[in-house]
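Participant: Give the three-dimensional model of this entry:
(2 chains)
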Amino acid sequence: MRQDMRVYDSILQALPGVDNPTPLVRINRLNPTPAFALYAKLEWMNPFGSVKDRAAARLVFDLVERGVLGGQRGVVEPTSGNTGISMAALAGLLGFRMRAVVPARVPLEKKVLLRIAGAELDVVSDALCPSPGLGEGSIALAKTRARAEAERYAMPNQYENELNARAHYETTGPEIWRQTGGKVTHLFVSLGTCGTATGCARFLKERNPEVRVIAVQPNPGHDVPGLRNVAELEVSKLFEPALLDEILEVDCELAYRRVLDLARREGLLAGPSSGLILEGARRVLERGGGGLGVMIFPDGIFKYVSAMVRHLPELAEGETPP
Amino acid sequence: MNTYVHPEMLVSTQWVHDHLGKPGVKLVEVNVDTQAYDAGHIPGAVGLNWQTQLQDQISRDILAKPDFEQLMGGCGIASRDHVVLYGDNSNWFAAYALWLFKIYGHPAVSLMDGGRQKWLDEPDRPMTTQVEPVQKAVYQAGFPDASLRARIKDVLAAVDAEDHNLVDVRSTEEFTGLVLSPPGLSETAQRAGHIPGARNVPWSKAVNPDGTFKSMDELRRLYFVDEGLQPSRPTIAYCRIGERSSHTWFVLTYLLGLEQVRNYDGSWTEYGSMVGLPIERGLAKAQVG
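Facilitator: The predicted model follows:
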């Protein structure tokens, strides 16, 4: 392996860590307050395309080390797509099966990508008539498979497994600290399993208790795949509100608008959750003051073409000859 | 008084675990998600599909008596068996199936309190994908008990007379007319709103976060104090296609012990599509202010 030359013996060596961080890129034209430096951490530069590579690798390697995987046994995991894609790629590399259980609302691109990466796929109906404690169909079905076919499936369970947050405590947090020379003052994250928010917040606040961690959530009834409004967070055991200094709510339509700004004015082909986080960060910067903010941009835009067209139909105009 | 009026209508997950494989106890799983049974179920349980097996496939109707008898016989269920129903979504369709069992006079039938989710949330409860071979039985159903079921004429009479508790158990968004149905469902109506005079008491108010039913005291307070149902009046419960309202029908009939509770299985997909029949939108008059 030649890390400096980026020559690797296996894609596994390209997984991120403090010696191989994902890029931190300064936001220039979309920063409303030049006195406040704003950076985006480009998580789609991970080998399997999203921030979820970190948790997926940590969870899967833990099962490998404990001898849980192998023989006939692979993994089954509830996912809105990215964790499943990372796990499916890892499973293919390491030679075990992977079954992804996804809610119906997950974009077509992600479902197809899961199949391309070799995952078996279950698609379950979205919550019909919500009730506290009803949980999510995808989590229940994955648990069912792990219980009924324990010889075939182990369930890493990103929603409850502390190693999800641990992955960010060990990689994302230290990378940010080192890349900013310890000058980071604000961290902007979104909430899904809450692994990123909890793991990064723990690390950064240990180094400097003054670091402010701001979560940006979509409005209730939103359509931003992979993210949750706080009202939907009951399923995640990793949600630690005490670590969050502020939770901002942004209309999900604005997230889709900001995707265009990021692509057209910063050259960043970022997905809708990144658009949401940018909007939240701008609101904080506009309050005034200085600092150094880091936004975690979870993934790129390519998996959301159909979602983009749904929210911004003009993008598909003229795509066939008149 | 802190026990349900008919406590025998519920069994706990522990009871089911203790009775696995016992002769005379038949487990039946009925889910909204029709792929869940195949993914894993309680050992020995039979799976029924609410779409293809619990409804007549030609007319929109419950199963006819000979069809119910044939279905039960094929599942190896005899009239003397204690049938224990469970399913997802806090027993929506398990309650619907129980209503059907009671229409055909099955003596011993219970719900597993908390349903499939509670079983799954308890770490030591076994599940399997094995479907055990069934020894066919001869099932003798009773004549359908029409008193458990409200038909459109009964509902219209109740609306006119204003002498019923008319309980709409759907979400508030469906009741007020904001949406026709929960997203992604194919069975809808032509109009969004509710039956005139109905009160909105979403089914989920009757359950705890673990999916089990709330206590007798909590249920009494909910329905009789907070929501103003009058115990002396006959009651009709409805939803969209009659499954969520089976859940409330079960609560009112067996846990609270009300007499004359009927499930209107035509529900909103029928009422909201009738030509020339006015509906109401917004919050119920009795529930405003």
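Participant: Strands of the stretch 51-200 of chain B, residue ranges please.
Facilitator: When assigned using DSSP state E, counting those that start in this stretch, the strands of the stretch 51-200 of chain B occupy the ranges B:82-86, B:109-112, B:165-168, B:199-200.
Participant: Let me see the ranges of the helices in the chain.
Facilitator: Unless you meant another one, I'm taking chain A. Per DSSP state H, chain A has helices spanning A:52-65, A:82-94, A:108-116, A:137-148, A:162-167, A:173-179, A:195-207, A:252-265, A:272-285, A:305-311. These are given in chain order.
Participant: could you do chain B instead?
Facilitator: Using DSSP H, the helices of chain B run over residues B:13-18, B:36-39, B:65-74, B:88-103, B:115-121, B:152-161, B:172-176, B:216-220, B:244-250, B:267-271.
Participant: which of the residues in stretch B:142-162 are buried?
Facilitator: Of the residues in stretch B:142-162, B:144, B:148-150, B:154-155, B:158-159 count as buried by neighbour count, 16 or more other CB atoms under 10 Å in any protein chain shown. All C-beta spots, glycine's among them, are computed from the backbone N, C-alpha and C.
Participant: now the end-to-end length of that stretch.
Facilitator: Distance between the two ends of stretch B:142-162: 32 Å, counting by CA to CA, to the nearest Å.
Participant: Neighbours of B:Gly105, how many?
Facilitator: B:Gly105 is surrounded by 13 other residues when neighbours are defined as other CB atoms under 10 Å in any protein chain shown.
Participant: Could you report the distance from the spatially closest residue to it that is not a sequence neighbour to B:Ser79?
Facilitator: In space, not counting the residues next to it along the chain, B:Gly105 is nearest to B:Gly142; the distance is 2.7 Å by CB to CB, 6 or more residues apart in numbering or on different chains. Between B:Gly142 and B:Ser79 the distance is 9 Å, computed by CB to CB, to the nearest Å.
Participant: just A:Arg147 next, same as before
Facilitator: Distance of A:Arg147 to B:Ser79, given as CB to CB: 33 Å.
Participant: swap in B:Thr269?
Facilitator: Noted for B:Thr269: a distance of 32 Å to B:Ser79, by CB to CB.
Participant: Give me the more crowded residue out of those two.
Facilitator: Neighbour count, other CB under 10 Å: between B:Thr269 and B:Ser79, B:Thr269 has more, with 21 against 18.
Participant: Let me see the contact set for that one.
Facilitator: B:187-189, B:240-241 (CB atoms under 8 Å, 6 or more residues apart in numbering or on different chains).
Participant: Could you do A:Leu292 as well?
Facilitator: With the criterion set at CB under 8 Å, 6+ apart, A:Leu292 makes contact with A:36-39, A:180, A:183-186.
Participant: Among the residues you listed, which lie within strands?
Facilitator: Under the assignment DSSP state E, these contribute A:36-39, A:186 to strands.
Participant: buried sites along stretch B:36-47?
Facilitator: Buried residues in stretch B:36-47, counted by 16+ other CB under 10 Å: B:36-37, B:39-42, B:44-47.
Participant: Could you do stretch A:13-23 as well?
Facilitator: Using 16+ other CB under 10 Å as the burial criterion, the residues of stretch A:13-23 that qualify are A:14-16, A:21-22.
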